[in-house]
Each structure stands twice: as C-alpha cells, then as structure tokens.
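In: got a predicted structure here, sequence first:
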Amino acid sequence: MPSQGTISIRPVEITDARRIQQLANHPDILKHTDLPDPYEPGTAEIWIQNAVITRAKGDAYECVIELKTDGVIGVCGYIDIEASEHSAEMGFWLGRDYWGNGYGKEACQQLIAMGLEQFQLDYITARVYLDNYVSRHLLESLGFEQMALEEKIVKDKSNVRSVMHYQLSTK
C-alpha cells in the first residue's frame with residue numbers, strides 16, 4: 001500500500017546514531033550504498049558530527065526519515081550544495097524492513113520540496129548503482145533524467161560498479 005503522509009524528514013541529530021547504526025548495518029543496504037562495509041560501531045556518530053558541521057557551513061543538509069509508528073527508518077539529504085549555482089546532490093536510503101511501501105518516494109518528494117523552498121535549487125542531481133533498479137525507477141518517476149554512466153571503483157577498491165548519474169531540473 002502506498003505511503004501517504006506517514007513519514008516526515010528532519011535534520012539528523014546525534015541522538016539518531018544508534019538507530020542509524022542498526023539500519024545501516026544490513027547487507028542489502030551496504031550493497032546499494034557507499035556506506036562503509038561493515039558499518040562499524042561509532043560510524044554513525046562520526047557521520048552525524050560531520051553532517052552537523054557541513055550543515056552549519058551550508059554545504060550539506062542531511063536528514064533522517066521518520067515513520068510515525070517506528071521512528072527513524074532511513075536517511076536522506078543534500079550534499080555538495082552549490083548556492084551560487086542553485087544545485088545540490090540528493091541521496092537517500094531506507095532500512096531494509098521499510099522497502100516497498102512508498103516511504104522512499106514520499107521522503108524524496110519532501111526533500112525536493114525542501115530544496116526548492118529552502119535552497120532555491122534549480123538542479124538536483126543523484127547517483128545510483130546501475131543494478132539498483134528500484135531507486136532508479138523512483139528517481140525517474142519523480143522526473144529525474146539519466147545524464148551519464150560512470151564506472152566506479154567501490155568498497156574494497158577492487159570491485160568496479162556502474163553508476164548512473166541523474167538530474168532533475170526544477171526550473
């Protein structure tokens with residue numbers, strides 16, 4: 001059943017670290033993201049500390065995705081915010097137990113609206129592993145267009161994967 005108004009996004013806080021750690025340390029999450037594998041204890045705290053610093057500088061805006069009944073279920077946000085160019089890169093992931101319910105799309109819709117209102121973004125980019133068909137479909141359903149295909153060395157530095165670059169023009 002599609003999600004409708006059941007999730008919200010808010011800036012990540014240090015108190016979210018334990019839950020993020022639990023959600024991120026799942027093989028399916030690690031397969032589809034650039035998160036460290038394994039996602040060691042303390043990794044979420046370090047990420048959140050960096051997120052707070054980059055948010056204060058205006059370079060990024062990292063959020064958690066909250067479900068009314070379950071609390072934090074994932075992460076979304078903007079990195080590489082270029083105020084002068086009105087652009088940023090969007091990213092997102094959901095805990096494995098929350099896939100297939102429309103929460104990702106709803107979070108991305110809220111994030112895009114935030115980008116328009118708060119950051120006056122004209123262009124939003126995203127990168128997705130080529131074999132992550134669900135996230136690619138989600139981005140395309142939101143109006144993102146394929147821009148480029150890149151071969152990228154990932155994780156253990158010996159694995160090469162294809163990454164699709166997307167862009168959404170909000171003009």
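Out: Noted; the coordinates are in hand.

In: Tyr166 bridge partners, please.
Out: With DSSP bridges applied, Tyr166 shows beta-bridge pairing to Ala126, Gln146.

In: what about it, how many residues nearby?
Out: 22 (other CB atoms under 10 Å). In short, each C-beta sits where N, CA and C put it, glycine included.

In: hmm, it is touching Ala126, no?
Out: Yes: applying CB atoms under 8 Å, one finds Tyr166 in contact with Ala126, separated by 4.6 Å.

In: which stretches of the protein form strands?
Out: 7-11, 61-67, 71-82, 87-94, 123-129, 145-154, 159-169 (DSSP state E).

In: ranking these by mean pLDDT, which is last?
Out: Note on the strands of the chain: lowest mean pLDDT is at strand 145-154, with a mean of 86.

In: contact partners of that one?
Out: 34, 125, 127, 130, 140, 159-168 (CB atoms under 8 Å, 6 or more residues apart in numbering).

In: try it again at 10 Å.
Out: The contact list for strand 145-154 (CB atoms under 10 Å, 6 or more residues apart in numbering) reads 33-34, 37, 125-130, 136, 139-140, 159-169.

In: quick one: Lys152 and Ala113, what's the gap?
Out: For Lys152, the distance to Ala113 (CB to CB, to the nearest Å) stands at 30 Å.

In: make a markdown table from the strands of the chain and add distance to Cys108 to it.
Out: Shown next, in a markdown table, are the strands of the chain (distance: least, CB to CB, whole Å):
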| stretch | distance to Cys108 |
| --- | --- |
| strand 7-11 | 9 |
| strand 61-67 | 10 |
| strand 71-82 | 7 |
| strand 87-94 | 6 |
| strand 123-129 | 9 |
| strand 145-154 | 15 |
| strand 159-169 | 10 |
